[in-house]
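Asker: Sharing a model prediction with you, sequence too.
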Amino acid sequence: MNVFKVRLGLATNSSSSHSIVLLDKPAKTTEERRFGWDYFVAASEQAKTNYLALCLYGGLEKCIGEDLANLVLMEWLGVDEELCSGADDYDYVDHQSVWGFPRGWGGKGYNVQFINELRKHLNDPRIAILGGNDNTDEIHPLLTEGKRVEWPLKRMNGDGYVARKDGDYWTIFNQLNGAKIRFSFDPQAEAPTRALVPELVDIKITDYCERECRWCYQSSSRSGKHANDIFNIARSLGDLRVFEVAIGGGEPTLHPDFVGILGNFRNCGVVPNFTTRRLDWLRDSRKAQQIMDLCGAVGYSVTCSEEILDFAALLRTSGFKSRRAAVHIIMGMDPAWRILDMLLTAKAVHLRVVLLGYKETGRGATYTYRTDKSAGLWEGIIALAERHECPNLSIDTVLAQRWQNELAEAGISPWLYETQDGRFSWYIDAVSRKQGPSSYCVPEQLVELAWEGYGFQDSIQRAFTNG
């Protein structure tokens, strides 16, 4: 297995201690059906197939019932009738070591293609599954003879996980918390340079904004128009298996059908996140509840610590979980000391921060800002981190590109950031029906978002491939 990119992390926990190891030479199977706390070795193809079947059974049984689940596993994996039927109460995988597998795109069933490839890879004769428990200081004897393999699968529950294959690699995405990992079952596979279709789409749903900020790189204003027919864009992105969208504007919450737009994406299997500069929707308990039920996460753009405190207070009173919220801070607008103060405030109220590189397009091209305003910021962030006073921090592509040297010197893995838009992400201006590599690209890079056949799928995929 070869891992290429990680965003956030996937948590695992277990009372039993089941490990997968890659051995220099095949091992002898000691157990083919009962995978609990006792030491065991599952090395034969049948033992590993039984292990996989028993992990799959629980999810299938909940969806289609015991009898049909047994028939499916007998036909699909070739296991015997008694393995999952309950005829032998001791055929099982300890419940806290059961893998959670990616679901089908609609959230139900399993991703069959993923499981078939996992099974094929698992049946490599050098791979063995070792059993024991973590309530003892002893370790399984074979653990010292092989290399542990960490699968990108959550233990016990796969709810929220979906997977998509692009060429030779897979991407697993957690729709609940945004965790994402790209990997290949082939340990010799090269890291992908771009996806076949976008994983993330930044979508502009309105050009209307009451604030008319002087640095707005979209040049949004009170005369800006709202986009129409977002449903067909949502359906097209769902058909392409786009994982998530970042909804923006203008001010997206002022779109007259904002809640409906969130629902459109959610119903198409695409997680809808959004960025806002307003908090009125959080003060409206009914609207806040509708938005909380539909959106993935919200980013609130701030210019001072007081706005962070207001945001945190409204999140608490509305019941909106802080883990689904983030504070956005634009670089080049404030001196380092002010930004560091905002970081300290965000840490105190348990909010994640996204630092955004300044975009020199739209009104942002004429607004006077100074890149040296943030001088000393990097050193200040490092100092906060060393004192454990820095909040969870993310940066956008623009900033990652500008800070490449600093990131490398700090030992931050390139697994954790991208330095170029348009390779795994894409931009759609639903107002003007244009699309391109990013929301701040030059106008010449934008092309028409064309309706072809029964949707925008072909237009998006062709533009993304050629972008």
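Answerer: Perfect, thanks for sending it.

Asker: which stretches of the protein form helices?
Answerer: In the chain, helices defined by DSSP state H lie at 45-64, 66-77, 112-122, 230-239, 258-267, 280-283, 285-294, 305-318, 336-348, 377-386, 397-402, 404-409, 457-466, listed in chain order.

Asker: Would you convert those into CSV that also reports distance to Ser17, mean pLDDT and mean neighbour count?
Answerer: Just so you know, the C-beta spots here come from the backbone N, C-alpha and C atoms, and that holds for glycine as well. Shown next, in CSV, are these (distance: least, CB to CB, whole Å; pLDDT from 0 to 100; neighbours: other CB atoms under 10 Å):
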stretch, distance to Ser17, mean pLDDT, mean neighbour count
helix 45-64, 15, 90, 20
helix 66-77, 25, 91, 16
helix 112-122, 18, 93, 16
helix 230-239, 40, 96, 22
helix 258-267, 38, 97, 21
helix 280-283, 44, 95, 17
helix 285-294, 38, 94, 15
helix 305-318, 38, 96, 17
helix 336-348, 35, 96, 19
helix 377-386, 32, 93, 15
helix 397-402, 37, 91, 19
helix 404-409, 35, 90, 13
helix 457-466, 43, 96, 17
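
Asker: Reformat those helices as JSON lines; add distance to Glu360.
Answerer: Shown next, in JSON lines, are the helices of the chain (distance: least, CB to CB, whole Å):
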{"stretch": "helix 45-64", "distance to Glu360": "49"}
{"stretch": "helix 66-77", "distance to Glu360": "55"}
{"stretch": "helix 112-122", "distance to Glu360": "42"}
{"stretch": "helix 230-239", "distance to Glu360": "28"}
{"stretch": "helix 258-267", "distance to Glu360": "29"}
{"stretch": "helix 280-283", "distance to Glu360": "30"}
{"stretch": "helix 285-294", "distance to Glu360": "32"}
{"stretch": "helix 305-318", "distance to Glu360": "24"}
{"stretch": "helix 336-348", "distance to Glu360": "19"}
{"stretch": "helix 377-386", "distance to Glu360": "19"}
{"stretch": "helix 397-402", "distance to Glu360": "10"}
{"stretch": "helix 404-409", "distance to Glu360": "19"}
{"stretch": "helix 457-466", "distance to Glu360": "24"}
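
Asker: Out of those helices, the one nearest Ala179 is which?
Answerer: Ala179 lies closest, by CB to CB, to one member of the helices of the chain: helix 112-122, at 16.1 Å.

Asker: contact partners of that closest one?
Answerer: By CB atoms under 8 Å, 6 or more residues apart in numbering, the residues outside helix 112-122 that reach it are 1, 20, 48-49, 52, 56, 77, 101-102, 127, 163, 165, 170, 185.

Asker: Also stretch 276-284?
Answerer: Contacts to stretch 276-284, defined as CB under 8 Å, 6+ apart, come from residues 209, 211, 213, 251-254, 287-288, 291, 298-301, 310-311, 314-315, 318, 320.

Asker: Report the central residue of the chain.
Answerer: With distances taken as CA atoms, centre = their mean, Gly178 lies nearest the centre of the chain, 3.1 Å away.

Asker: So it sits against Phe243, correct?
Answerer: No: Gly178 is not in contact with Phe243 according to CB atoms under 8 Å; the separation is 9.0 Å.

Asker: picking that back up, which stretch among the helices of the chain comes nearest Phe35?
Answerer: helix 45-64 (5.7 Å).

Asker: List the beta-bridge partners for the closest residue in space to Leu142 that isn't next to it in sequence.
Answerer: Residue nearest to Leu142 in three dimensions, not counting chain neighbours: Leu130, with 5.6 Å by CB to CB, 6 or more residues apart in numbering. Going by DSSP bridges, Leu130 is paired in beta bridges with Ser19, Val41.

Asker: check contacts around Leu130.
Answerer: 18-21, 39-42, 140, 142-143.

Asker: Could you list the domains of the chain?
Answerer: Segmentation of the chain into domains, based on automatic domain parsing, reads 2-184, 200-466.

Asker: Can you get me the centre-to-centre distance for the last one and its chain?
Answerer: Relative to the chain's own centre, domain 200-466 is displaced by 15 Å; criterion: CA atoms, centre = their mean, to the nearest Å.

Asker: which of the residues in stretch 96-111 are buried?
Answerer: For stretch 96-111, a neighbour-count test (16 or more other CB atoms under 10 Å) marks 96-103, 105, 110-111 as buried.

Asker: among those, which are in strands?
Answerer: 99-100 (DSSP state E).

Asker: for the buried residues of stretch 96-111, which one is nearest Lys225?
Answerer: Nearest to Lys225 among those is Trp105, at 32.3 Å by CB to CB.

Asker: got the contact list for the closest one?
Answerer: So Trp105 contacts 162, 238, 241, 269 (CB under 8 Å, 6+ apart).

Asker: if we go to 6 Å?
Answerer: Trp105 is in contact with 162, 269, counting by CB atoms under 6 Å, 6 or more residues apart in numbering.

Asker: Please shift the residue numbers so they start at 475 in all later answers.
Answerer: Understood, numbering begins at 475; the last thing we discussed is Trp579.

Asker: between the contacts of helix 586-596, which is closest to Gly927?
Answerer: Lys639 (23.6 Å).

Asker: Quick check, pLDDT for Gly560.
Answerer: At Gly560, the model reports a pLDDT of 64.

Asker: ok, now Gly483?
Answerer: With respect to pLDDT, Gly483 scores 33.

Asker: for Gly863, what are its contacts?
Answerer: Check again: residue 863 is Glu, not Gly. Glu863 neighbours (CB under 6 Å, 6+ apart): Lys821.

Asker: what about it, distance to Ile856?
Answerer: In this view, Glu863 and Ile856 are 11 Å apart by CB to CB, to the nearest Å.

Asker: Phi and psi next, for Asp568.
Answerer: Dihedral pair for Asp568: phi -50, psi 130, per degrees, to the nearest 10.

Asker: My guess is it contacts Gly510. True?
Answerer: Yes: counting by CB atoms under 6 Å, Asp568 touches Gly510, with 5.0 Å between them.
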